[in-house]
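Undergrad: Need a 3D model of the sequence below.
(chains A and B)
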2 protein chains.
Amino acid sequence: MTADEPSGGPSVEASSPASGEVSGGVADERRRRPGGRTERVRKQVLEAVQAELAERGYDALSMDAVAARAGVHRATVYRRWRDLGGLLADVFDAASADDWQPADTGSLQGDLAALNHESQSSLTAQLPLVPALIAASFRSEEAARGVQHLWEDRYARCEAIVARAVERGEIPAGTDARALLLAATAPIYHHLVLLRAPADPDLPEQAARTAVLAARAGAFLRPDPS
Amino acid sequence: MTADEPSGGPSVEASSPASGEVSGGVADERRRRPGGRTERVRKQVLEAVQAELAERGYDALSMDAVAARAGVHRATVYRRWRDLGGLLADVFDAASADDWQPADTGSLQGDLAALNHESQSSLTAQLPLVPALIAASFRSEEAARGVQHLWEDRYARCEAIVARAVERGEIPAGTDARALLLAATAPIYHHLVLLRAPADPDLPEQAARTAVLAARAGAFLRPDPS
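TA: Have a look, this model is predicted:
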């Protein structure tokens, strides 16, 4: 994916405009010179992290390899990001720092299918990076928090899809947005990442339709209506 | 999990009784002395592979480390499994070589919930192993085929759940069993492995209920009824 393709998936796009919360002194330094050399260095370094992860995996990731690939002085990388945890945290922060919003197609089915198509495309494009990010989230507390924060942010933005559907009367008020979104999106990731099956062009629509039908039948109502 | 706990999840249980297809000369050798020293060595080695993966990750896995941990001569490990691909393939083969069947609770909701509870338990128990297996499946063609084969085998066994529900008239004939099973089970894995969220005790039932309601509404009928 490119910087112009936002994604509902676990995209880790280092070239997004910097904004939002970035930990420690990194944000301060960047705010001093927005869009300038500091920001360019950050972009180079975070892209290098992703390239190293995709090519060599999490266990081979090192500050020195990242600095070398980015063409940035080692001292700069150590000063600014301190350690691998700091680098990974910033990769996830950068991925959240965009103005992505889910598409508004006018129907719940359309919105969820658009989200799934987008996730499937970006996931397919970034597939070698995915196992490295999963490995990182299991090996580093900082990376795990970064992953959780990134997903939390993406799913929170997607709650608008459910709110619109309730407003239109497509699904009952009291529908648990997060449960509906999990049901609608999980099959895409399960299929590609866990099952290691080739992308199924029908799955984005099918998973969306499943979630819509279940939502209409009250599957995501709280308290449990059964 | 122990050898007595079968699982619908991606369990990699090296202590299952040997059976089924095992690649190359391994099967022949084992069949010569079933249950004997050969089988004990296999069990020790495959358990060592899983322990190494869980503790050190895929990228640190080596034949020598496995041999050392298993307390088996390096030459034996190289002769029998040839390389890491051979070792991983045998881990997945061993995981399929059991007589696990999904529970028959008398209802689709009950069967799917039982499957999800079982998956969630074994996944939680084996969580450190999961990212290593995912990484392996992305780095080794042999491991990827092993993963695909293992899931294919598990989902094929679970199709009995859907067949029983159709027979009971709970869901329409013509329901796509695999699509229903994917919808019912994917949220468990997505939640624990991708989102890195703590296990949700309500999710197994909730994901099962969602799939049942969607199935009754015709979500998994082919051709598309919409």
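
Undergrad: Give me the buried positions along stretch A:102-121.
TA: For stretch A:102-121, the neighbour count (16 or more other CB atoms under 10 Å in any protein chain shown) marks A:102-103, A:108-121 as buried. Heads up, the C-betas are built off the backbone N, CA and C, glycines and all.

Undergrad: Show me which pair in those residues is furthest apart.
TA: A:Leu108 and A:Ser121 (20.6 Å; CB to CB).

Undergrad: thinking again about what came up before, of the buried residues of stretch A:102-121, which is the nearest to A:Ala217?
TA: A:Leu108 (13.3 Å).

Undergrad: For the closest one, give its distance to A:Thr210.
TA: Per CB to CB, to the nearest Å, A:Leu108 is found 12 Å from A:Thr210.

Undergrad: Equivalent analysis for A:Ala135, please.
TA: From A:Ala135 across to A:Thr210, the span is 30 Å (CB to CB).

Undergrad: try A:Asp153
TA: A:Asp153 is 25 Å from A:Thr210, by CB to CB.

Undergrad: Mind checking which of these two has more residues around it?
TA: A:Thr210 (28 against 17; other CB atoms under 10 Å in any protein chain shown).

Undergrad: residues contacting the more buried one?
TA: A:Thr210 is in contact with A:Ala183, A:Ala184, A:Pro187, B:Ala179, B:Ala183, B:Thr210, B:Ala211, B:Ala214, B:Ala219, B:Phe220, counting by CB atoms under 8 Å, 6 or more residues apart in numbering or on different chains.

Undergrad: so can I have JSON lines of those showing secondary structure and distance to A:Arg79?
TA: Conversion of the contacts of A:Thr210 to JSON lines gives the following (DSSP: H, G, I helix; E, B strand; the rest coil; distance: CB to CB, whole Å):
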{"residue": "A:Ala183", "secondary structure": "helix", "distance to A:Arg79": "45"}
{"residue": "A:Ala184", "secondary structure": "helix", "distance to A:Arg79": "43"}
{"residue": "A:Pro187", "secondary structure": "helix", "distance to A:Arg79": "44"}
{"residue": "B:Ala179", "secondary structure": "helix", "distance to A:Arg79": "52"}
{"residue": "B:Ala183", "secondary structure": "helix", "distance to A:Arg79": "49"}
{"residue": "B:Thr210", "secondary structure": "helix", "distance to A:Arg79": "49"}
{"residue": "B:Ala211", "secondary structure": "helix", "distance to A:Arg79": "51"}
{"residue": "B:Ala214", "secondary structure": "helix", "distance to A:Arg79": "53"}
{"residue": "B:Ala219", "secondary structure": "coil", "distance to A:Arg79": "54"}
{"residue": "B:Phe220", "secondary structure": "coil", "distance to A:Arg79": "55"}
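
Undergrad: Output stretch A:60-76 as CSV, restricted to C-alpha atoms.
TA: Extracted C-alpha coordinates of stretch A:60-76, given in CSV (Å, rounded to 0.1, in the frame of the first residue of the first chain):
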residue,chain,number,x,y,z
ALA,A,60,16.7,-10.5,13.4
LEU,A,61,15.6,-6.9,13.9
SER,A,62,18.4,-4.7,15.3
MET,A,63,18.9,-1.0,15.8
ASP,A,64,22.1,-1.1,13.7
ALA,A,65,20.5,-2.9,10.8
VAL,A,66,17.7,-0.3,10.8
ALA,A,67,20.2,2.6,10.9
ALA,A,68,22.2,1.1,8.1
ARG,A,69,19.2,0.5,5.9
ALA,A,70,17.8,3.9,6.5
GLY,A,71,21.1,5.6,5.8
VAL,A,72,20.9,7.4,9.2
HIS,A,73,23.6,7.7,11.8
ARG,A,74,23.4,5.0,14.5
ALA,A,75,23.7,7.6,17.1
THR,A,76,20.6,9.4,15.8
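
Undergrad: ok now that stretch, how far from the chain's centre?
TA: Remark: stretch A:60-76 is offset 24 Å from the chain centroid, using CA atoms, centre = their mean, to the nearest Å.

Undergrad: likewise stretch A:200-217?
TA: For stretch A:200-217, the distance to the chain centre is 21 Å (CA atoms, centre = their mean).

Undergrad: Give the buried residues for stretch A:165-175.
TA: A:Ala165, A:Val166, A:Glu170, A:Ile171, A:Thr175.

Undergrad: hmm, stretch A:138-146 in reach of chain B?
TA: Yes: judged by CB under 8 Å from any CB of the partner chain, stretch A:138-146 comes into contact with chain B at A:Phe138, A:Arg139, A:Ala144.

Undergrad: Quick check: A:Arg42 touching A:Asp90?
TA: Yes: with contact defined as CB atoms under 8 Å, A:Arg42 reaches A:Asp90; the gap is 7.4 Å.

Undergrad: How far does the helix ranked longest in chain A sit from its chain's centre?
TA: Ranked by number of residues, the top helix in chain A under DSSP state H is helix A:141-167. Chain-centre distance of helix A:141-167: 9 Å, with CA atoms, centre = their mean.

Undergrad: same thing with stretch A:177-196?
TA: The answer for stretch A:177-196 is 13 Å, by CA atoms, centre = their mean.

Undergrad: What mean pLDDT does it get?
TA: Mean per-residue pLDDT for stretch A:177-196: 96.

Undergrad: With stretch A:74-90 instead?
TA: Here the average pLDDT along stretch A:74-90 is 92.

Undergrad: cool, and stretch A:117-132?
TA: For stretch A:117-132, the per-residue pLDDT averages 90.

Undergrad: Now the buried residues of stretch A:165-175 in a markdown table, please, with extra columns for distance to A:Pro204.
TA: Output for the buried residues of stretch A:165-175, formatted as a markdown table (distance: CB to CB, whole Å):
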| residue | distance to A:Pro204 |
| --- | --- |
| A:Ala165 | 17 |
| A:Val166 | 22 |
| A:Glu170 | 19 |
| A:Ile171 | 19 |
| A:Thr175 | 21 |
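
Undergrad: Out of the residues you listed, give me the two with the largest separation.
TA: So, the buried residues of stretch A:165-175 by CB to CB: farthest apart are A:Glu170 and A:Thr175, at 9.6 Å.

Undergrad: Same list (the contacts of A:Thr210) but as CSV, adding distance to A:Ala199.
TA: Output for those, formatted as CSV (distance: CB to CB, whole Å):
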residue, distance to A:Ala199
A:Ala183, 20
A:Ala184, 17
A:Pro187, 12
B:Ala179, 15
B:Ala183, 17
B:Thr210, 23
B:Ala211, 22
B:Ala214, 22
B:Ala219, 20
B:Phe220, 19
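
Undergrad: Verify the stated contact: A:Leu133 with A:Val147.
TA: Yes: using CB under 8 Å, A:Leu133 is in contact with A:Val147, at 6.8 Å.

Undergrad: so what does the helix or strand encompassing A:Val77 touch, helix or strand wise?
TA: Counting by DSSP states H and E, the element that carries A:Val77 is helix A:74-81. Packing partners of helix A:74-81 (3 or more CB pairs under 8 Å, 6 or more residues apart in numbering or on different chains; DSSP states H and E): helix A:25-32, helix A:37-56, helix A:63-70, helix A:84-96.
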